[in-house]
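> Predicted model and sequence follow; I will ask about them next.
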Amino acid sequence: MAEGVIYKAISGFYYVQCAEGTTECRARGRFRIDKNSPFVGDRVEFSVTEPGRGYLKTIFPRKNLFVRPPVANIDKMIIITSAAIPITDPFLIDRMTAIAHKKNCELIICINKFDLDPAKKLYEIYSSCGYKTIRTSAETGEGLETLKESIKGSVCAFTGNSGVGKSSILNELDSSFSIAVGDISKKLGRGRHTTRHVELYRLNCGALVADTPGFSSFDTDNLNNADEIEALFPDFEPYIESCRFHDCAHIKEPDCALIEAVKSGEVQKTRYDSYVRLYEEASKYKAWE
Ligand code: GDP
Ligand code: ZN
């Protein structure tokens, strides 16, 4: 019996990586019966039937699971942003931070294209929220060592709006990444980000990186409970217990401590605006149910 991580899944075959190499595994029928299908990112126990081949036996309990894109056990979410062609809308960042908190992922905010724009505002917003915020440039290499240090040994997903430099950064972190991902893009054409296929790639710093799509296709149905949204903004935590009403939604209630904190500049206005938008979207979701 051996243990490893599923790094690729294709039509019923699961490719498991462990210290000894990779093994192509089948899942036994039991997984289908239990409605517990294996996902890329799953830590599994498997038995080897012949060199390089085997059967999955057990899926170990997951830290988290994303359905879109289908991947399990993401330790760290790296949100790539930019203040220069394109400019990242803070709302997109805040929606991703909320999803990451909901899924118990650690967060790194990466402000790329530092060579083009120092992005003072974005840096101030996210570092003041307590997020690990790194300024990078795929062009000059600035900040990439810090990023590498922060992700080594963990399973990561890189997200960000198109054009911010996700591929450029990954290529700079490990030049063999481009070759691997380039191949897949070619095979699947432009469909890479619309297919349900995810693969984990090992960077030479030891991080496993999920080749995930941009912001748009991440599970947004995770944010369908309006009352839960405030808890997904850790920077609000010092204030929300002090509102006059115990069930304050922080939208237009009187004596709302969060609204006061926004007014006094203790809470970032853009974070609050994103909260209101997510709250309203989630409330609509409830109405449809
Ligand atoms: P992706 O869509 O997020 O994967 O973005 P790409 O990695 O394809 O980058 C989009 C464009 O921005 C490319 O032309 C890159 O060369 C350029 N780019 C990426 N990062 C940087 C950077 O830090 N500085 C500058 N000046 N250009 C960058
Ligand atoms: Zn309030």
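Ah, there it is. None of these values were measured; they are calculated from a predicted model. Ligands and ions are numbered 1, 2, ... in the order given.

> secondary structure element for the residue nearest to the spatial centre of the chain?
The centre of the chain sits closest to residue 77, judged by CA atoms, centre = their mean, with a distance of 3.6 Å. In this structure, residue 77 sits in strand 76-82 according to DSSP states H and E.

> How about residue 8?
strand 2-10.

> beta partners for the closest residue to residue 4 other than its chain neighbours?
In space, and not counting its chain neighbours, residue 4 is closest to residue 18: 3.2 Å by CB to CB, 6 or more residues apart in numbering. For the C-beta atoms, the positions are set from N, CA and C on the backbone; glycine is no exception. Residue 18 has these beta-bridge partners by DSSP bridges: residue 21.

> wait, residue 18 sits on residue 3?
Yes. If you go by CB atoms under 8 Å, residue 18 and residue 3 touch, sitting 6.2 Å apart.

> Around ligand 2, pick out the residues from the stretch 101-250 of the chain.
243, 248, 250 (CB under 5 Å from the ion).

> Adding neighbour count and secondary structure, write these out as TSV.
TSV is the format used below for those (neighbours: other CB atoms under 10 Å; DSSP: H, G, I helix; E, B strand; the rest coil):
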residue	neighbour count	secondary structure
243	20	coil
248	20	coil
250	24	coil
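
> Turn those into CSV, columns for pLDDT.
Below are those laid out as CSV (pLDDT from 0 to 100):
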residue, pLDDT
243, 97
248, 97
250, 98
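
> quick one: contacts for residue 41?
Residues in contact with residue 41 (CB atoms under 8 Å, 6 or more residues apart in numbering) are 5-6, 62, 71-74, 155, 200, 210.

> residue ranges for the helices of the chain, please.
Per DSSP state H, the chain carries helices over the ranges 29-33, 90-102, 120-128, 144-151, 166-173, 175-188, 237-240, 257-263, 269-288.

> how much space is there between the closest residue to residue 37 other than its chain neighbours and residue 106?
Leaving aside its sequence neighbours, residue 37 sits nearest to residue 31 (CB to CB, 6+ apart; 5.8 Å). According to CB to CB, to the nearest Å, residue 31 and residue 106 sit 29 Å apart.

> again with residue 1
31 Å.

> what does residue 203 give?
Counting by CB to CB, the gap from residue 203 to residue 106 is 17 Å.

> Same question for residue 35.
When residue 35 is compared with residue 106 (using CB to CB), they lie 29 Å apart.

> Of the two, which one has the most company?
It is residue 106, of residue 35 and residue 106, that has more neighbours when counted by other CB atoms under 10 Å, with 17 against 6.

> Quickly list what the residue nearest to the more buried one when sequence neighbours are not counted is bridged to.
The spatial neighbour of residue 106 that comes closest, neighbours along the chain excluded (CB to CB, 6+ apart), is residue 76 at 4.6 Å. Bridge pairing for residue 76 (DSSP bridges) gives the partners residue 106, residue 156.
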